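In: pasted the sequence and its predicted model underneath.
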Protein chains: 2
Amino acid sequence: MIFTDLAIADLRFPTSLSLDGSDAMNPDPDYSAAYVVIRTDAEDGHEGHGFAFTIGRGNDVQAAAIASLRPYVVGRPVAAVLADLGGLWRDLVHDSQLRWLGPEKGVMHMAIAAVVNALWDLRAKREGLPLWQLLSRLSPEELVDLVDFRYLSDALTREDALDILRAARPGRAGREEHLLREGFPAYTTSPGWLGYDDDKLRRLCKEAVADGFGQIKLKVGADLADDVRRMTIARQICGPDYRIAVDANQRWDVPTAISWMRELAAFDPYWVEEPTSPDDVVGHATIARELAPIRVATGEHIANRVVFKQLLQLDAVSYVQIDATRVAGVNENLAILLLAAKFGVPVCPHAGGVGLCELVQHLSMFDYVAVAGDMRDRVIEYVDHLHEHFVDPVVIRRGRYVAPTAPGFSATIHPRTLSEYAYPDGPVWSSTASKQVAHAPQPRRAKEGTNHG
Amino acid sequence: MIFTDLAIADLRFPTSLSLDGSDAMNPDPDYSAAYVVIRTDAEDGHEGHGFAFTIGRGNDVQAAAIASLRPYVVGRPVAAVLADLGGLWRDLVHDSQLRWLGPEKGVMHMAIAAVVNALWDLRAKREGLPLWQLLSRLSPEELVDLVDFRYLSDALTREDALDILRAARPGRAGREEHLLREGFPAYTTSPGWLGYDDDKLRRLCKEAVADGFGQIKLKVGADLADDVRRMTIARQICGPDYRIAVDANQRWDVPTAISWMRELAAFDPYWVEEPTSPDDVVGHATIARELAPIRVATGEHIANRVVFKQLLQLDAVSYVQIDATRVAGVNENLAILLLAAKFGVPVCPHAGGVGLCELVQHLSMFDYVAVAGDMRDRVIEYVDHLHEHFVDPVVIRRGRYVAPTAPGFSATIHPRTLSEYAYPDGPVWSSTASKQVAHAPQPRRAKEGTNHG
């Protein structure tokens, strides 16, 4: 049995029309997926689905990057590749020529995420388990074989990782049951987009509390007076003890992050997310030191495990926000879960976009069962967009993710969506209005310093 | 007058056939360029040429990324864009949707380098000056307008930059003359590729000394016994006081870098280059502290100015090795030159590949005339490959770069090369042998731990 095909689709959703997803750096995203379907000649007919998430323009570049990885998959033996996904990961990440295009960052690294995640989806479908459960039942030795410890050994060795995984082994079965019964805590970003007016903010805050979420998140960073007004509203609606995180989406320089957050400190923000450039580990450490006890969170734009390692080494973050398709897929996220466990920092995944909630729930649930072994102070982001396009969409009950039970990585998109939202020729995009949204580059300078909402 | 065309070529040179460029991480590069030609409807007929350098597979992905930037150039007014290249840089780097694909790193950032550098080439041709001279004659105010200080202000403000540039202003004319008379010091990496045998190493070391180079560089990191043997030969040939740098091309973890270099310390290496992951600023700081007085150099894979900022803040590097096409072109390299000047660290550019020598000479010469104002302890890498493809190739005389005088950025490749080396349909690639070189992915695991040479 061999892999016979790695098909790629450029899917885009015209989310910019409603300003869903609008924040201080991303005024008008069109949530998109460079989507992968891997097929085999096996009789079971299972396909592996995966994707890289982008926000519109450039999704075709992302698709081209995925195409460059085809020779690593098509024609190779299914069983051997799926049995050694750590080996495949190394082959992809360390291709000596493709590596130059990162290394281990940006478009090429996200392309590896799409392929690696699709292979995990296939493996989980073949084994008849949801991914979180498949991973949770691997032995510590099988798990560490999935991790490339290159560049990590000053902070985390293979032996450290084995110790962490072995320590978590005894309680696995009980935690699996607990998850199946109770689910995993979620927080919601839906009220907080900058593009929403105060009435909508007020209404959505009320709904969040009523729906049982223990935490919301507001976008900040475009205009301080707006932020103060919106935090006042949110605090008023949600009450003094409710967890309200804020997210600056990289808008600030280090000194601005510190002074701006001091103005918002009176509203008791639960964390400040992405206060500055995701590449600035030293800057995050400075901000964390200056703003304590306000906690710093980041991760959705952190390029790879080496940068996460440094954020932990420098005590720069209180929460690690893994993303399912920014780093090179499940294997690299396993490395990051292990790093976070070594440093005792909770992992609270980034989600939203299209399909990110579907994917990260598996990683957090696996973390709870087999790595950190703990659910306290952990929460998965939830945004209520675009789930209807998924065959096995996330289910939220009383503010918690219900543990998925269908085999796979929950990545599969309905065939109808694959044709309707195909860019640029699907019916959704052939209308002139939608095309205009996606085609026009946005010269940014005229808008600088203004509230993008 | 408007920009009428932004044409892109996928050029690849089958350098893997001779193992030119082989090192511990790049056993068989095919030096490549995702090449850009920008045309206008002006009567002068000038074109802007630029490129992103890659090492083979994925050069098509790089080309696709450049294509995504076309709407920012084609159709826009030539004079206004060229008069405000700082503005264009911000438009490109901060496109809110494309930014997601980095941000500011990897394929998309290198695509911006190609476009920005091509526009600088065009501007210099139109003004009838080599780029280094054009830049050297801009006022401090014009120069700082080219720089985006976002994410830098905790280390370098616009006012800091103005102070640096104003301080260097008085001696500009004298330094221009000095450069035209004496050129700029070079060092050569030609003897040091891992793929060369000891006899070739010995012969090339002799030639380097005879040709007047004051420094060579050897690739290390694949096998310690080999490194010791090759350093012994080089030290023997070049003499006890000669500068011999070593380059590990990111091969090591932090602890390995320290222990391995302690074994090579007896050979008095001038610097150790790329000891570990380019993303690991904390690791570089540890290595620098542990290995002092051996100096640490890095930069050719540093994604952007924010990472350079941190390397300087943490005292992690003694030499800043800018690359012409890794960060987003001339503008971002100006930011890095200013950062280096602020911290008093010499800039010694990475070069080699295809066309990198041609480009970086302009940046070092501008640095000498108008930024650092100093040539001491500064040296530009030189590798004697592929210069014959350039209309205005670098000239090396007695181990120094001769200052170029032809208008432009020296980026223009001969039309004949553009057709012969076009991939995959140019005559050089239509032979079966060459095609095999470039198409085969290199599963890497079998080779791990072996000497790639």
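Out: Cool, got the structure. All of these numbers come straight from a predicted model, not from anything done at the bench.
In: how about whatever residue of the stretch 1-150 of chain A ends up closest to chain B, what does it touch?
Out: With CB to the nearest CB, the shortest gap between the stretch 1-150 of chain A and chain B falls at residue A:106, namely 2.2 Å. Glycine gets a C-beta too; all of them are placed from N, C-alpha and C. Applying CB atoms under 8 Å, 6 or more residues apart in numbering or on different chains to residue A:106 gives the contacts A:303, B:101-102, B:105-109.
In: next: residue A:204.
Out: Per CB under 8 Å, 6+ apart, neighbours of residue A:204: A:190-191, A:196.
In: quick check, nearest of those residues to residue A:360?
Out: Of all the contacts of residue A:204, residue A:190 has the smallest distance to residue A:360: 16.4 Å, by CB to CB.
In: who are the contact partners of the closest one?
Out: Contacts of residue A:190 by CB under 8 Å, 6+ apart are A:204, A:208, A:216, A:382-384.
In: in JSON lines: the residues you listed, plus distance to residue A:429 and secondary structure.
Out: Listed next are the contacts of residue A:190 as JSON lines, based on distance: CB to CB, whole Å; DSSP: H, G, I helix; E, B strand; the rest coil:
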{"residue": "A:204", "distance to residue A:429": "29", "secondary structure": "helix"}
{"residue": "A:208", "distance to residue A:429": "32", "secondary structure": "helix"}
{"residue": "A:216", "distance to residue A:429": "33", "secondary structure": "strand"}
{"residue": "A:382", "distance to residue A:429": "28", "secondary structure": "strand"}
{"residue": "A:383", "distance to residue A:429": "23", "secondary structure": "coil"}
{"residue": "A:384", "distance to residue A:429": "23", "secondary structure": "coil"}
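In: rewinding a little: what is the nearest of the contacts of residue A:204 to chain B?
Out: residue A:196 (17.8 Å).
In: neighbours of the closest one, how many?
Out: 21 (other CB atoms under 10 Å in any protein chain shown).
In: okay, it: pLDDT?
Out: Looking at residue A:196, its pLDDT is 88.
In: can you tell me the SS state at residue A:146?
Out: Secondary structure assignment for residue A:146 (DSSP: H, G, I helix; E, B strand; the rest coil): coil.
In: excluding covalently adjacent residues, which one is nearest to it?
Out: Excluding the flanking residues, the one nearest residue A:146 by CB to CB, 6 or more residues apart in numbering or on different chains is residue A:86, at 4.2 Å.
In: what of residue A:313?
Out: In space, residue A:313 is closest to residue B:282, 5.4 Å off (CB to CB, 6+ apart).
In: now do the SS call for residue A:246.
Out: Applying three-state DSSP: residue A:246 is strand.
In: from residue B:10, how far off is residue A:46?
Out: 36 Å (CB to CB, to the nearest Å).
In: who has more neighbours out of the two?
Out: residue B:10 (22 against 19).
In: tell me who's in contact with that one.
Out: For residue B:10, counting by CB under 8 Å, 6+ apart, the contacting residues are B:32, B:34-35, B:59-60, B:63, B:422-423.
In: can you read off the pLDDT for it?
Out: So, for residue B:10, pLDDT stands at 98.
In: what's the answer for residue A:152, then?
Out: So, for residue A:152, pLDDT stands at 98.
In: pull out the CA atoms of stretch A:198-216 and give them to me as CSV.
Out: Listed next in CSV are the C-alpha coordinates belonging to stretch A:198-216 (Å, rounded to 0.1, in the frame of the first residue of the first chain):
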residue,chain,number,x,y,z
ASP,A,198,-20.5,48.6,21.9
ASP,A,199,-24.0,47.2,21.8
LYS,A,200,-22.8,44.1,20.1
LEU,A,201,-19.9,43.8,22.7
ARG,A,202,-22.5,44.2,25.5
ARG,A,203,-24.8,41.6,24.1
LEU,A,204,-22.0,39.1,23.4
CYS,A,205,-20.5,39.5,26.9
LYS,A,206,-23.9,38.7,28.4
GLU,A,207,-24.2,35.7,26.1
ALA,A,208,-20.7,34.4,27.1
VAL,A,209,-21.5,34.5,30.8
ALA,A,210,-24.9,32.9,30.2
ASP,A,211,-23.4,30.2,28.0
GLY,A,212,-21.2,29.2,30.9
PHE,A,213,-17.8,30.4,29.7
GLY,A,214,-15.5,31.3,32.6
GLN,A,215,-13.4,33.7,30.5
ILE,A,216,-13.6,36.0,27.6
